[in-house]
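*Asks:* Quick one, what's the 3D model for this:
(one chain, ligands or ions: 1)
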Amino acid sequence: MPNQGTKNVVELLPKNGGVFLTWEDLWVRASNMKDGGKAILKGLTGYARPGELLAIMGPSGCGKSTLLDTIAGRLGSSTRQSGDILINGRKQTLAYGTSAYVTQDDTLIATLTVKEAIYYSAELQLPNSMPKSEKKEIADITIKEMGLQDAMETRIGGWSGKGISGGQKRRVSICMEFLTRPKLLFLDEPTSGLDSAASYYVMKTIASRCKGRTIIASIHQPSAEVFSLFHSLCLLSSGRTVYFGPASAAIEFFALSGFPCPTLQNPSDHFLKTINSDFDQDIEEGSTGRKSTEEVINILVKSYKSSDKYRAVQSQVAEICKEEGEILEKRSHSSFTTQSLVLTRRSFVNMSYDLGYYWLRLAVYVVIAIGLGTIYYDVGFSTASVQARGTMLMFVASFITFMAIGGFPSFVEDLKVFQQEKLNGHYGSGSFVIANTLSAMPYLLLVSLIPGVIAYFLTGLQNGLEHFIYFVLVLFTCMMLVESLMMIVASIVPNFLMGIITGAGIQALMILSGGFFRLPNDLPKPFWKYPLHYVAFHKYAFEGLFKNELEGLKIHNEDKLGKVQMINGEDILRNTWQMNMDYSKWADLAILLGMVVLYRLLFLLFVKAGEKVKPAIRRAFISTSPNQINTAERPFDEFAT
Ligand SMILES: Nc1ncnc2c1ncn2[C@@H]1O[C@H](COP(=O)(O)OP(=O)(O)OP(=O)(O)O)[C@@H](O)[C@H]1O
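*Replies:* Residues are numbered from 1 along each chain as shown. Below is the predicted model:
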C-alpha cells in the first residue's frame, strides 16, 4: 500500500515543478438568504503534495465537492470563504489553465464520437510546437489508458439521443483533462457510474500518473482495491475533518478511537457507515455499547483533533509554507489562431450532425417559403400588390428570422461546453466567439438562400439579380443578428426556458417598433420611437427590403373609369410606408452588418465578463445581510475569484 505520509517536504522537492497545495482553517459558508450563512466547511486544514493521490471521502453532502472547488479556486458566488489556501507556499490565484479539473457533470458535445471529441481536445490543448501526429498519438494512448478504444467510433450522445454509457462519458471527461498531463489535477467523483473493475483501472491509471503530479480526487465508495491506491485520505463529515493523513493509517485511527473495522469489511465502507448521519442508526462502540451517529462523529472529530495525525498535518502545512516555492505557470497551449480554426471545424461538424441546429430549421423554412409563395403567388403590379409585397417582406424579416429561436437548445448546449472548457483553460472566449460565428455562416447562408429563392420567385418580387441578391443578403444578415441576440441571451439567463421567453420577448418588442405594425411617424415617441425604433434591427431590415422591392418599380393604379395611372415605387415608400429616403438600401444593409459586428462583440463581452458579472448580479440580489454571516468571526478572503 502506498504510504508517503511521513515523507519530508524537502525530499518532495518544491523546486522540481511539483505543486504543494495547503489549506488552513478553511471555512465556507452559504451566502444566500435561504441558507442564512450555513457553514458548509468548518475550519479544515490539509495539504496535497506532488507524487501523491489525495482522496477526499465522506458521506453524500459532507462537503467533498465544496472542498475540491474551494482549493481549486472555483467556488461559486453563492458561498463565502475564509482561511488560507497556498500554492507552493504562496498566495496564488489558480488561473484557468494552471490546473485541470474533472467536474462531477460530464459536459461534452453530444453529437461527436469519442474519437472526434478527444482528437479535437488534443488539438485545442496541446501546444503548437507539437506535431499533429504526436498530438494524435497522445490522444490514442490516453484513450487506451481509459479503456475507451472500443467506444471510439460511438457518439457521445446526450439530450438529443443515446450514445455511450454514463461511465464511458466519465472516462471521456477524465481523458480530456489527462491529455496535457497537468501538474495539478482535481477530480470530482471520477468513478461515479463506473463498475468496480472500471473504477479500479481508471483509478490505477490516475494513481500511476502521480509521479511529480499532485492529484486530488473526491470519491464516494471506493472498493478495497481502489482504496489501496490512495496515498492520503481526507475524511469529512458535515464539513468537519474526521481524519486527514496517510490512507493506510486510517484503519488504525478508527480502531484507536473505538470503532475498529470488522475483519473482512472494506475499510471505506466501514468509515462511511460509521460517519453517515443521514440515517441516524446507532453504532456499536468498542465495549461501551451503542452510540448515535452524531455522538460517534463528535468522538472521532475530537479524537482526530487531539491526535498525532492532526499535529503532523499542522507541522506539514507549516513546513510547506515556510518557504515560498515557484509560481505555478499556465500550461503552454496551442495558439489563438489554431484554437479558433480547430473550434470552427469542431463547431461546423457539430452543426452538421445536430439535426436541430440548422437542418430542421431549413426544412421548416422551405415549407414556410412554399407557403408564402403560394399565398402571395405572382403578386402582380396593382395597388393591392403594395400591401401584399409589404406584408410578405415583413413576414420574411420578422417571423422567419424569429424562428432562429428554435436553435436555442443547441446554443445553450454549446455554451455549456464552452463554459466548462474555458474554466478548464482549454481556450478563451475570443476563439469561441470567432468559431461560433464562422461555423454558423455557411449554414445561415444556406438557410437564407434556399427558402429565399422559393419565396422570392413564387411571389414574383422585383426582377433582377441585384434585387434578389440584396433580398438574400438582408435575410442572411437578419438571421445572423437574431442568432447573435439569442447567444447574448443564452450567456445571461440561467436556463434555456427563460432564454426562449426572454429572446422571444425582446424580438416581439423590436418587431412592434420596427415601423410596420405602426408606421414610423405614428409610433408613440417615448420608448417606442426613441430609442426602440432605431435600436430594433427590424427598422433597417424593413426599410432595406421595401426599398429593394419598390425603388424603380411602377405600380399600376386603375381608377374607377378604368384609367391606369403609374405610381412610382419611391412615392409609395415615402408616402405610404413613411420610409426615410435620405439614404440608399445599401446603407440599411451596412447598418445591419454593423449591428451583427456589434452584437457579436457584445456576445464576446458577455461571455468574457460572464464569470465576473453574473456572480456580482446574483450577489447583489441574493447575498445575505452582514449579520446573517458571521463575518466578524472570520475575515473572508476572496482567494477564488
Ligand atoms: N452554494 C450553496 N448554498 C447552500 N448550500 C450549499 C451550497 N453548496 C453546497 N451546499 C450544501 O453543502 C453541503 C455539501 O455539498 P457538497 O456538494 O460539497 O457535498 P458532497 O459531499 O460533494 O456531496 P455528494 O457526494 O452528494 O456530491 C450540501 O448539504 C449542500 O446542500
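*Asks:* ok, and for stretch 99-118, which residues are buried?
*Replies:* Judged by neighbour count using 16 or more other Cβ atoms under 10 Å, the buried positions of stretch 99-118 are 99-103, 106-118. (Glycine included, C-beta is placed from N, CA and C.)
*Asks:* measure that stretch end to end?
*Replies:* Counting by Cα to Cα, to the nearest Å, you get 18 Å between the two ends of stretch 99-118.
*Asks:* Also stretch 514-523?
*Replies:* 9 Å.
*Asks:* buried sites along it?
*Replies:* In stretch 514-523, counting by 16+ other Cβ under 10 Å, buried: 514-516, 520, 523.
*Asks:* which among those residues gets closest to the ligand?
*Replies:* Distance to the ligand across the buried residues of stretch 514-523 (Cβ to the nearest ligand atom) is lowest for Gly514, with 42.7 Å.
*Asks:* Among the buried residues of stretch 514-523, list the two that are farthest apart in space.
*Replies:* Phe516 and Leu523 (10.6 Å; Cβ to Cβ).
*Asks:* is it true that Lys169 lies in a helix?
*Replies:* Yes - under DSSP: H, G, I helix; E, B strand; the rest coil, Lys169 falls within a helix.
*Asks:* Which residue is most remote from the mean position of this structure?
*Replies:* Leu561 (68.5 Å; Cα atoms, centre = their mean).
*Asks:* Look up how far Ile174 lies from it.
*Replies:* 84 Å (Cβ to Cβ, to the nearest Å).
*Asks:* Next up, identify which helix or strand Asn181 is on.
*Replies:* Small correction: residue 181 is Arg, not Asn. For Arg181, there is no enclosing helix or strand under DSSP states H and E.
*Asks:* Tell me who's in contact with Leu485.
*Replies:* Counting by Cβ atoms under 8 Å, 6 or more residues apart in numbering, Leu485 makes contact with 503, 506-507, 599.
*Asks:* Likewise for Phe517?
*Replies:* Ile511.
*Asks:* so who does the residue of the stretch 451-600 of the chain found nearest the ligand touch?
*Replies:* Residue nearest to the ligand within the stretch 451-600 of the chain (Cβ to the nearest ligand atom): Pro494, separated by 14.0 Å. Listed by Cβ under 8 Å, 6+ apart, Pro494 has no contact partners.
*Asks:* which SSE is it in?
*Replies:* Using DSSP H and E, no helix or strand contains Pro494.
*Asks:* Could I get the pLDDT score of it?
*Replies:* If you check Pro494, the pLDDT there is 76.
*Asks:* Now it, what are its backbone angles?
*Replies:* Backbone torsions for Pro494, taken as degrees, to the nearest 10, come to phi -80, psi -30.
*Asks:* what does Arg155 give?
*Replies:* Dihedral angles for Arg155 - degrees, to the nearest 10 - are phi -70, psi 150.
*Asks:* what number of residues lie near it?
*Replies:* Arg155: 20 surrounding residues under other Cβ atoms under 10 Å.
*Asks:* Please look at it and Thr113 and confirm they touch.
*Replies:* Yes - judged on Cβ atoms under 8 Å, Arg155 makes contact with Thr113 at a distance of 5.5 Å.
*Asks:* Now for this structure, the helix or strand with the poorest mean pLDDT.
*Replies:* The helix or strand of the chain with the poorest confidence is strand 283-285; it has a mean of 54 (mean pLDDT, DSSP states H and E).
*Asks:* got TSV for the buried residues of stretch 514-523, with secondary structure too?
*Replies:* Formatted as TSV, the buried residues of stretch 514-523 follow (three-state DSSP):
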residue	secondary structure
Gly514	coil
Gly515	coil
Phe516	coil
Pro520	helix
Leu523	coil
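*Asks:* Listing request: residues of the stretch 101-250 of the chain with sub-threshold pLDDT.
*Replies:* Low-confidence segments of the stretch 101-250 of the chain, defined by pLDDT under 70: 159-160.
*Asks:* need the residues of it near the ligand, please.
*Replies:* Selection of the stretch 101-250 of the chain residues close to the ligand by Cβ under 6 Å from any ligand atom yields His220.
*Asks:* What about the residue nearest to Ile450 when sequence neighbours are not counted, how many residues nearby?
*Replies:* Nearest residue to Ile450, sequence neighbours excluded (Cβ to Cβ, 6 or more residues apart in numbering): Val366, at 6.2 Å. The tally of other residues near Val366 (other Cβ under 10 Å) stands at 16.
*Asks:* who touches Val366 in this structure?
*Replies:* By Cβ under 8 Å, 6+ apart, the residues touching Val366 are 450-451, 454.
*Asks:* In PyMOL, select just the buried ones from those.
*Replies:* Those of these that count as buried under 16+ other Cβ under 10 Å are selected in PyMOL with:
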select buried, resi 450+451+454
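*Asks:* The contacts of Val366 also near the ligand: which ones?
*Replies:* Among these, the ligand is touched by none when using Cβ under 6 Å from any ligand atom.
*Asks:* Any chance of TSV for the contacts of Val366, columns secondary structure and pLDDT?
*Replies:* Listed next are these as TSV, based on DSSP: H, G, I helix; E, B strand; the rest coil; pLDDT from 0 to 100:
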residue	secondary structure	pLDDT
Ile450	helix	96
Pro451	helix	96
Ile454	helix	96
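*Asks:* Going along the chain, name the helices of the stretch 51-200 of the chain.
*Replies:* Secondary structure of the stretch 51-200 of the chain, counting by DSSP state H, counting those that start in this stretch: helices at 64-71, 114-125, 132-145, 166-178, 196-208.
*Asks:* and Leu360, which of those helices is closest to it?
*Replies:* Nearest to Leu360, of all the helices of the stretch 51-200 of the chain, is helix 114-125, at 21.9 Å by Cβ to Cβ.
*Asks:* Can you tell me the SS state at Leu236?
*Replies:* On the basis of three-state DSSP, Leu236 is classed as strand.
*Asks:* before we move on, which element is the residue nearest to Ile450 in?
*Replies:* Assigned by DSSP H and E, Val366 belongs to helix 360-375.
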